[in-house]
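> let's see this in three dimensions:
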Amino acid sequence: MKAQSLPIVHIRPDEKRAFRIGEFCAIYGIGRTTVYHLIKSGKLRSVLIGGRRLIPRDAAEALLAQSEAGLA
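Here you go, the predicted model:
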């Protein structure tokens, strides 16, 4: 029996609900080391799903808001 493959879905970055670390770095122009430092310090919330760390969109927006306010 042949396994069914899932359809490939292309989602624009502004439609994503969460980003992989590499995607987050590319979109927001932040290095991986900095991202992991922000996560460890509690300034950037992340979730671990199936061994993959994701940055929820609302956490990314909160980080930007904190940076604009001079809090990050």
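> what are the buried residues along stretch 27-47?
I30, V35, L38, I39, L44, S46 (16 or more other C-beta atoms under 10 Å). Heads up, the C-betas are built off the backbone N, CA and C, glycines and all.
> look up phi and psi at R20.
For R20, the backbone dihedrals are phi -70, psi 160 (criterion: degrees, to the nearest 10).
> state the helix or strand in which G70 lies.
Using DSSP states H and E, G70 sits in no helix or strand.
> that one: how many residues sit nearby?
Using other C-beta atoms under 10 Å, G70 has 6 neighbouring residues.
> that one and E23, how far apart?
Separation of G70 from E23 (C-beta to C-beta, to the nearest Å): 26 Å.
> who are the contact partners of L44?
Taking C-beta atoms under 8 Å, 6 or more residues apart in numbering, we find L44 in contact with V35, L38, I55, A59, A60, L63.
> err, R17, not the other one
Applying C-beta under 8 Å, 6+ apart to R17 gives the contacts P56, R57.
> and it, what pLDDT?
pLDDT for R17: 90.
> residues in contact with the longest helix along the chain: which ones?
Assignment by DSSP state H gives helix 57-68 as the longest helix of the chain. Residues from elsewhere that reach helix 57-68 (C-beta under 8 Å, 6+ apart): K16, R17, A18, F19, F24, Y28, L38, K43, L44, R45, S46, A72.
> just the ones of the residues you listed in strands?
Members of these lying in strands (criterion: DSSP state E): A18, F19.
> got the contacts of helix 57-68 as CSV, with distance to Q4 columns?
Shown next, in CSV, are the contacts of helix 57-68 (distance: C-beta to C-beta, whole Å):
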residue, distance to Q4
K16, 25
R17, 25
A18, 25
F19, 28
F24, 31
Y28, 36
L38, 39
K43, 42
L44, 37
R45, 35
S46, 32
A72, 45
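> list just the nearest of the contacts of helix 57-68 to I8.
The closest of the contacts of helix 57-68 to I8 turns out to be K16 (C-beta to C-beta; 15.1 Å).
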